Each structure stands twice: as structure tokens, then as C-alpha cells.
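Engineer: coords please:
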Amino acid sequence: MSQFQVRTDLALETREKFEEDHVEIKGVRVEEECREESEIKITTMVIETENGAKAMGKPKGTYITLEAANLDSQDEDYHREVSVELARLIRRLLPEEKHILSVLVAGLGNREVTPDALGPRVVDNMMITRHVLKEFGKYAFGEEEVNAVSGIVPGVMAQTGMESQEIIRGVVEETKPDVMIAIDALAARSTRRLSRTIQITDTGINPGSGVGNHRHGLSEETVGVPVIAIGVPTVVDAATIVNDTMHTLIQAMEENSHLQTLSTGLNALNEMEKYELIRELLSPQLNTMFVTPKDIDESVKRLSFTISEGLNIAFA
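Structural biologist: The predicted model follows:
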């Protein structure tokens, strides 16, 4: 029944699921920061041990989640605040041994599918400097120190016939960057986090994992350089919608005296029994369906500018 489990790429949501079940995870350290004036919440989760990694189902490393309640708004000043905060968080994960870096930004995803076009659009908006530095040197920018930024959009296997990892590994071997930044769209467990949450991690990424397409991972072990992954959830699967609806329905029944008997029956179901019910509701037509907001085109456009601006600030 694993294919019907609520799928999420966000480490924060995985931890929240353990909290809901009142399960303590050892080997996982969590810190929270809140910016009340801008309604930005930053959660840093560090998986320190192998046991913690096994429990979470994620590699050891640092996972930073930036939640911005108004990230889906058109307020340019607010998006600028998020970009500045994002730049600060990215710098925290950069290699400390080098002051001037060579950076490869990889925009993962399918440009032709709007919810999956975040990565390519971020690269489109990046300030690319490597070619100018090679041709004219750092003085072309009027600065003493300039990071060499290059970008690539490897596409998806259906377009190229090649794994993203194969393409990127070849580029890394040729250009020898100090660090790689991978941008991709994610899947969330909660609909309220769609287009409002940014996850940054130093553990790399598995392209396509959010929708069940398990491609070869991008990490320091597979491509040869440190990989910082930045992702934004743009889709949820049908199981999430059903699960959220069932939870809301049970709450509504508990508040209605005529329906309390029914709610008691549903509440008596354990998680596995609820998922069995979800499977019966979804199967066979809806169990592979993913849902995205109707204004996702505008959201992806705004988010691509916000993330690219954060990267430009981080490497300025």
C-alpha cells in the first residue's frame, strides 16, 4: 500500500508527521526562527545520525525550510525580502574554504510543463558570469572579486534520452565548478504550502521523485562536487487531497450532534485503515493524479524571479 502514502519532498512535513503520531526522532536537531514583521518562518533541521536518516527516509545533512505566507502575492517588496533571506540561507551552506567560487546552477524539470518549469525559468533569470570572466576578466565587472556563475537546463529524459545526472556529471567534469546549485519543483503533503515554501538542503536531490519518477540522484557522491538543492512545492497528489478532506470531514462531523456517531466510527480507524479507505476511493482512476493550483503559471513566474534574485545576491 506504499504507493498510496501521502507523498512529500519536504523534510519539514516528514518531521511533522512524526509529531502528529507522537513519535520522537533521535539524531534530528531542529531550530526555528520567525520574522514577525514579514511573516517569514525559517526552520533548520539537521539530521545528524544514520538512525535519524533512516527514520526520516532522507540523507544526513541540513534541511532549511523558508515559509512565507505572502509568497504567492504580487508584492515586489515582499519578494525582495524573501530573496535577501534566501541569499543569506544559501551562503550558510556554501563551502567555507573558498572566498571566490565557481558555481554551476542546474535548472531541473520540463520547461513545457508549467508546474515543473521552475528550474529552467530560474536559470533564464540568472546573472551568468563565467563566459565574461573567461573572455575579459574580473575587471569587466569593475570588481576585485567576482564569482564565476554558469547555468545549464538538462531537460528531462523524455526529451533527451539521457539522465540529468549523466548530462550534469559531464558538464561538471569539463567546467570543474566548486559547488552546484540544483533547482527543482517539489511535491507537498499540505496544499497550504504550495508556492509558499522554499526548501534548501546540502544533501542534493532526486529529480522527479515528487511525482514518483525515480531518476538518478544528484549529490556530491554522484557528480563529484557539493550540491545545494533548492525546491518549491508546486503539486500535491490525489491522496493528499483525499486525506485532507477526510480530516476536515471528521472535524465537521464532531461539531454536528447528528453526525457525531459517524465521526466516532471514522476516528476509530488507524492510519493504515484510513489509507486503505483512501485506496478504495482513489483506485484505479485517481491514484496517479497530481493537482496544481489554477494560477500556477503566475506563481512559477514570480517564484523564478524571487529565487534567481536570491542566487544573484548570494553570488554578487
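
Engineer: and the helices in the stretch 201-316 of the chain?
Structural biologist: All helices of the stretch 201-316 of the chain, identified by DSSP state H, counting those that start in this stretch, fall at 220-223, 238-255, 260-267, 271-282, 296-314.

Engineer: just the mean pLDDT for the third one, thanks.
Structural biologist: If you average the pLDDT over helix 260-267, you get 64.

Engineer: again with stretch 299-307
Structural biologist: 96.

Engineer: again with stretch 130-143
Structural biologist: 89.

Engineer: now swap in stretch 249-257 and tell me
Structural biologist: Per-residue scores along stretch 249-257 average to 74.

Engineer: and that stretch, C-alpha only, in PDB?
Structural biologist: These are the backbone C-alpha positions of stretch 249-257, laid out as PDB (Å, rounded to 0.1, in the frame of the first residue of the first chain):
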ATOM      1  CA  LEU A 249     -14.900  16.000   7.300                       C
ATOM      2  CA  ILE A 250     -14.200  14.200  10.600                       C
ATOM      3  CA  GLN A 251     -13.800  17.600  12.400                       C
ATOM      4  CA  ALA A 252     -17.100  18.900  10.900                       C
ATOM      5  CA  MET A 253     -18.900  15.700  12.000                       C
ATOM      6  CA  GLU A 254     -17.600  16.100  15.500                       C
ATOM      7  CA  GLU A 255     -19.100  19.600  15.700                       C
ATOM      8  CA  ASN A 256     -22.500  18.400  14.400                       C
ATOM      9  CA  SER A 257     -24.500  16.500  17.100                       C
END
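
Engineer: what is the burial count for P177?
Structural biologist: The burial count assigned to P177 is 21, neighbours taken as other Cβ atoms under 10 Å. In short, each C-beta sits where N, CA and C put it, glycine included.

Engineer: one more: T222?
Structural biologist: Neighbours of T222 (other Cβ under 10 Å): 14.

Engineer: and if you look at the one 4 residues further on?
Structural biologist: P226 sits with 17 neighbouring residues when counted by other Cβ under 10 Å.

Engineer: residues in contact with the closest residue to I100 other than its chain neighbours?
Structural biologist: Leaving aside its sequence neighbours, I100 sits nearest to E145 (Cβ to Cβ, 6 or more residues apart in numbering; 5.3 Å). Residues near E145 by Cβ atoms under 8 Å, 6 or more residues apart in numbering: 99-100, 138.
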